[in-house]
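attaching a predicted model along with its sequence, questions to come.
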Amino acid sequence: MNIEARKLSLIQELLSIQNESFIVKLEKLINKEKKTVENDFKPFTIEEFNKRIDKSLDDFKNGRTINHDDLIKEIETWE
């Protein structure tokens, strides 16, 4: 199911809810999640961006990386 279909399905579910306290809880949850997402996606300043590039290059030069195959093997052990 694509995102648009999921949204429509969710709207239909919301329209059938008659419990106002449930609606209030959903509103609070939605507002909390929106704030979290807004805070998570702040753009870098040029200085922050350049520092991250410098750190990544330093990590690569000093062997603090993992190759693709080893990463896949590691991920497969995660629960």
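Ah, there it is.

off-centre distance for stretch 55-70?
24 Å (CA atoms, centre = their mean, to the nearest Å).

end to end, how far does that stretch reach?
Terminal residues of stretch 55-70 lie 22 Å apart, using CA to CA, to the nearest Å.

what are the buried residues along that stretch?
Within stretch 55-70, no residue counts as buried by 16 or more other CB atoms under 10 Å. (C-beta placed from N, C-alpha, C; glycine too.)

next structured bit after the helix or strand bottoming out on mean pLDDT in the chain?
Each helix and strand of the chain was given a mean pLDDT (mean pLDDT, DSSP states H and E); the minimum falls on helix 20-40 at a mean of 85. Remark: after helix 20-40, the chain's next helix or strand is helix 46-61, criterion DSSP states H and E.

what stretches of this protein score poorly on pLDDT?
Along the chain, the parts satisfying pLDDT under 70 run over 37-40.

look up phi and psi at the residue lying farthest from the centre of it.
Here the chain reaches farthest from its C-alpha mean at Q18, the gap being 31.2 Å by CA atoms, centre = their mean. Here is the backbone geometry of Q18 (degrees, to the nearest 10): phi -110, psi -10.

just how off-centre is the least confident helix or strand of the chain within its chain?
15 Å.
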